[in-house]
Structure formats: C-alpha cells, structure tokens
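*Asks:* Sequence below, structure please.
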Amino acid sequence: MIFLGAGASAPFGIPTSDTLTAEIRNMLSKEHKNLLNDITTFWNRHYEGKHPNYENILTALMGLTDPRKIARDSIVQAFVNDFKEHRGSYESIVDEMYSRIVAYCNAPFVSSDKYLTPEKLEEIFQQTYDLLTLLREDEVFTTNYDPSIEIWCQKRNIQIHDNTNATRNPEIKEVLPINEEIVASGRTNLYPSGSELFTLKVVRLHGSTWVYETKKGQRIKMNRPSDRLMFIDWYPHLNKKPHLIFPGQESVLASGEWDVLYQYFKKKLRGNCLVIGYSFQDNLINQVFFDNLKRGQLETIGIMAPHPNEGIKNLFWNQDIPHDRIVQMPVEFGTYQAIEEIYRWMNRVYHITFYASPAQVISQVRERMKSYLD
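*Replies:* Residues are numbered from 1 along each chain as shown. Sure thing, here's the model as predicted:
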C-alpha cells in the first residue's frame with residue numbers, strides 16, 4: 001500500500017502541518033490567548049507533551065461551537081466538557097482557516113501567484129508520482145486535500161477511480177471505461193484482460209478540495225478540463241464548501257460512505273505499506289496501523305519524512321516500538337535521496353535490484369508514462 005500525507009504534497013508548494021498550525025495559533029493568540037493556552041495545556045497533559053496541530057485546534061473550535069458535531073467519546077468532547085467557560089461561536093475563525101486550507105491546496109494549480117507552470121509541474125511529477133508507478137501498487141490512500149494526484153492522472157492519461165462519482169476529462173482520451181462503482185466496493189481488478197494500461201484507485205479518507213457534497217449527501221467531484229482554472233459551479237443542490245473532515249471528527253468519519261472507506265482502509269492495510277510525508281497526527285488512522293501491525297497483518301511500515309522518528313513517536317506513543325518492522329527514510333519526497341530510498345524499499349519488499357542508475361531508471365519511467373499518451 002502507498003499512504004500519502006502532507007509531505008507528499010510539499011513539493012508542489014502546499015504548506016505542511018507545521019505552517020498551518022503556526023497560522024491558526026497566531027489567529028487565536030490575538031483575541032483568544034487563554035483558550036489557546038488551555039487547548040495546548042490539555043493536549044500536553046493528555047498526550048504527555050504532544051502539541052496540538054492545526055487540525056486538532058480546528059476540531060476543538062468546532063466542538064466548542066457545536067458539541068453535537070463531535071463524537072461523544074472523543075478527546076475533543078472531553079476538552080469541551082472540561083472547559084465550558086470557552087463555549088461560544090468560533091465560526092469566523094473556523095471559516096477563515098478552512099478558506100486558507102482550500103486556497104493553499106488549489107493555488108499551485110490555478111491562476112495565481114502560486115501557480116506552477118506546466119514545465120515546473122512536469123518536473124515535479126517526474127520526481128514524485130511518476131516513481132510510484134515502479135511500486136506496482138494500483139491503490140493510494142491519503143488524508144491530503146489537494147488535487148495534485150488527480151492532475152497527475154490527467155497529465156499522464158491515467159484513469160482515476162476514487163470515492164466520488166467517476167468523472168471524464170474532455171482534454172484526455174479515456175484509458176478505461178468509466179466505472180461508477182465507488183472504490184470502497186472492494187473491487188480489486190480494474191485492468192481489462194490483457195491490458196497493460198495503468199489505472200489508479202485513490203481513497204481520500206478526509207475529503208478533497210475538489211469534492212462537494214449535495215444536500216442529499218451524495219459526493220461528486222467538480223473539475224474542469226483546464227488545470228489552470230478551478231471549476232466551481234454553484235448549482236443550487238451543492239453545498240458552498242468542499243467536503244473536508246478533520247482528525248477528531250470521528251462522528252463524521254464513522255458515518256455513511258466515509259465509514260465504508262475507513263473500513264476499506266482497515267481491510268486493505270496488509271503486507272507492506274510505504275508512508276510518505278505523514279506525521280501520524282490522527283488517532284483514528286493511527287489505530288489501524290497499530291492494530292494491524294500488532295495482529296501481524298501489516299508486516300513492514302516504511303516511513304519517508306525529513307524526521308521519521310517524530311511520526312514513529314506519534315504512532316506508538318507510550319507503546320513498545322517494533323524497530324525491526326519499521327524502515328526509516330529520513331528524506332524529503334521529490335528529492336534525489338527519496339528516489340534512492342524508494343529503490344531500497346523495492347529491494348526489501350519486492351526483492352528487486354536495479355542495475356541501472358537512478359537517472360536511467362527515471363528515464364525509463366518517463367518513457368513508460370509517455371506510452372500511455374501515445
């Protein structure tokens with residue numbers, strides 16, 4: 001399995017958790033300094049020195065605004081109950097931070113000062129997602145909100161299947177017939193008999209800035225043929241915001257289609273998992289990794305991040321760490337060093353040894369991806 005966190009989107013210029021956490025702390029410190037201190041103290045005490053990130057803080061603000069939206073047995077609900085003096089409406093702060101997240105995730109791909117030129121985007125793809133095709137995985141699980149992987153699929157003429165209605169892109173020819181079935185159905189073979197064409201299933205456990213929810217609860221993806229402009233048609237039956245959920249909103253994740261996806265994730269986390277740029281800040285996600293590792297269903301976890309030891313600490317917390325089953329890759333995704341780590345991972349997991357240099361293998365990957373466009 002491949003699991004992508006915020007660090008996998010960092011090469012596109014999308015801020016990581018640390019940047020967003022600094023922003024929301026700065027927003028709160030201006031008028032709600034005591035609240036910020038209490039949130040920090042509560043998290044430090046409950047998680048033995050762990051600092052809350054932006055998603056934890058956002059969820060706490062949502063809980064203080066409306067406790068009914070937070071699971072009764074969650075840590076956020078415990079905070080709300082202990083600090084009733086902070087109860088009130090924090091919708092303006094939540095909305096502002098929400099808007100920033102959406103803007104950050106979309107900016108590299110739309111007409112703005114953060115826009116990536118086609119040439120720069122191509123360079124990043126060659127150093128990032130193109131290499132993932134070497135791993136022989138046809139599924140990607142992620143908690144990221146940005147549409148970089150969808151745009152990569154468009155550029156590479158790869159048919160993508162995710163947890164929304166399948167969509168066509170008029171700029172590219174269809175690689176595979178459209179399949180309206182959601183990925184969580186468990187269907188594993190999306191390749192036509194005898195075909196070598198590449199298709200990808202993407203499971204977004206926390207939503208996407210390209211996914212909107214209808215008032216009837218149906219989730220649909222809105223994307224425009226041109227990658228340069230974001231497609232947002234405000235149809236009357238669409239809510240005005242993309243559907244995103246944050247860690248701590250267990251009541252949302254455990255309902256309807258999202259629970260189907262979560263259960264599918266628990267089922268599919270087997271064998272070996274390469275985790276790229278994920279800090280393990282979400283306890284609900286962590287529990288799946290921990291439980292499946294403990295049961296022996298998950299054999300090895302490869303953690304690629306500048307400081308993988310921090311993610312390991314978040315994952316196991318006060319439990320014993322099975323070091324022999326953890327592969328640390330202390331590099332940034334999208335760098336030459338990351339390519340070398342992926343080679344080592346493939347040698348360990350698939351017992352594949354490359355007799356070509358990284359540059360030669362990258363060239364071969366590029367040629368393979370070009371063949372999908374011919």
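*Asks:* When you work out contacts or count neighbours from here on, use the C-alpha atoms and nothing else.
*Replies:* Will do.
*Asks:* which residues in the protein form helices?
*Replies:* Counting by DSSP state H, one finds helices in the chain at the ranges 17-31, 33-46, 54-65, 75-82, 91-106, 118-127, 129-132, 148-155, 250-253, 256-268, 283-295, 308-316, 336-349, 358-371.
*Asks:* domain parsing for this structure?
*Replies:* According to automatic domain parsing, the chain comprises the domains 2-12+114-371, 17-105.
*Asks:* Kindly reformat those as a markdown table containing mean neighbour count and mean pLDDT.
*Replies:* Output for the domains of the chain, formatted as a markdown table (neighbours: other Cα atoms under 10 Å; pLDDT from 0 to 100):
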| stretch | mean neighbour count | mean pLDDT |
| --- | --- | --- |
| domain 2-12+114-371 | 17 | 74 |
| domain 17-105 | 17 | 87 |
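*Asks:* Which among the helices of the chain is found nearest to Ser9?
*Replies:* Closest approach to Ser9 among these (Cα to Cα): helix 148-155, 7.3 Å.
*Asks:* which other helices and strands contact that closest one?
*Replies:* The contact analysis (3 or more Cα pairs under 8 Å, 6 or more residues apart in numbering; DSSP states H and E) places helix 148-155 against strand 159-162.
*Asks:* The strand it packs on packs against which elements?
*Replies:* Packing contacts for strand 159-162, counted by 3+ Cα pairs under 8 Å, 6+ apart, involve helix 148-155, strand 199-204.
*Asks:* Which one of these lies nearest to Asn347?
*Replies:* Closest of those to Asn347 is strand 199-204, at 22.8 Å (criterion: Cα to Cα).
*Asks:* re the thing from before, out of the helices of the chain, which gets nearest to Met1?
*Replies:* Met1 lies closest to helix 256-268 among these, at 7.8 Å (Cα to Cα).
*Asks:* so how far is that closest one from its chain's centroid?
*Replies:* Taking the mean of its C-alpha atoms, helix 256-268 sits 15 Å from the chain's own mean (Cα atoms, centre = their mean, to the nearest Å).
*Asks:* For it, name the packing helices and strands.
*Replies:* When contacts are defined as 3+ Cα pairs under 8 Å, 6+ apart, helix 256-268 packs onto helix 250-253.
*Asks:* measure Leu244 to Tyr336 for me?
*Replies:* According to Cα to Cα, to the nearest Å, Leu244 and Tyr336 sit 32 Å apart.
*Asks:* thinking again about what came up before, okay, the helices and strands packed on strand 159-162 in JSON lines with distance to Lys267 next?
*Replies:* Listed next are the helices and strands packed on strand 159-162 as JSON lines, based on distance: least, Cα to Cα, whole Å:
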{"stretch": "helix 148-155", "distance to Lys267": "23"}
{"stretch": "strand 199-204", "distance to Lys267": "13"}
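*Asks:* These: which one's closest to Ser89?
*Replies:* strand 199-204 (29.1 Å).
*Asks:* Is Val327 in contact with Ala305, as I believe?
*Replies:* No. Between Val327 and Ala305 there is no contact, the gap being 11.1 Å when judged by Cα atoms under 8 Å.
*Asks:* Spit out the contact partners of Pro306.
*Replies:* For Pro306, the contacting residues are 329-332, by Cα atoms under 8 Å, 6 or more residues apart in numbering.
*Asks:* contacting residues for His86?
*Replies:* His86 neighbours (Cα under 8 Å, 6+ apart): 35, 64, 80.
*Asks:* can you tell me how far it sits from Thr40?
*Replies:* Applying Cα to Cα, the value for His86 to Thr40 is 14 Å.
*Asks:* Equivalent analysis for Pro15, please.
*Replies:* Pro15 is 22 Å from Thr40, by Cα to Cα.
*Asks:* same question, Met27
*Replies:* Distance, Met27 to Thr40, by Cα to Cα: 14 Å.
*Asks:* what's the answer for Met62, then?
*Replies:* Applying Cα to Cα to Met62 and Thr40 gives a distance of 16 Å.
*Asks:* Am I right that Leu261 is in contact with Gly207?
*Replies:* No. Here Leu261 does not reach Gly207: they are 10.8 Å apart, not a contact under Cα under 8 Å.
*Asks:* Apart from its chain neighbours, what residue comes closest to Asn314?
*Replies:* Among residues not flanking Asn314 along the chain, Phe280 sits closest, at 5.7 Å (Cα to Cα, 6 or more residues apart in numbering).
*Asks:* residues in contact with the one you found?
*Replies:* Going by Cα under 8 Å, 6+ apart, Phe280 touches 286, 311-312, 314-315.
*Asks:* Please repeat the previous calculation with a cut-off of 6 Å.
*Replies:* Residues in contact with Phe280 (Cα atoms under 6 Å, 6 or more residues apart in numbering) are 311, 314-315.
*Asks:* for it, phi and psi?
*Replies:* Here is the backbone geometry of Phe280 (degrees, to the nearest 10): phi 60, psi 50.
*Asks:* Relative to Ile285, how far out is the closest residue to Leu28 other than its chain neighbours?
*Replies:* The shortest distance from Leu28 to any non-neighbouring residue, by Cα to Cα, 6+ apart, is to Leu36 (6.3 Å). Distance, Leu36 to Ile285, by Cα to Cα: 25 Å.
*Asks:* before we move on, what about Thr143?
*Replies:* Taking Cα to Cα as the measure, Thr143 falls 9 Å from Ile285.
*Asks:* for Thr65, same thing?
*Replies:* Taking Cα to Cα as the measure, Thr65 and Ile285 are separated by 25 Å.
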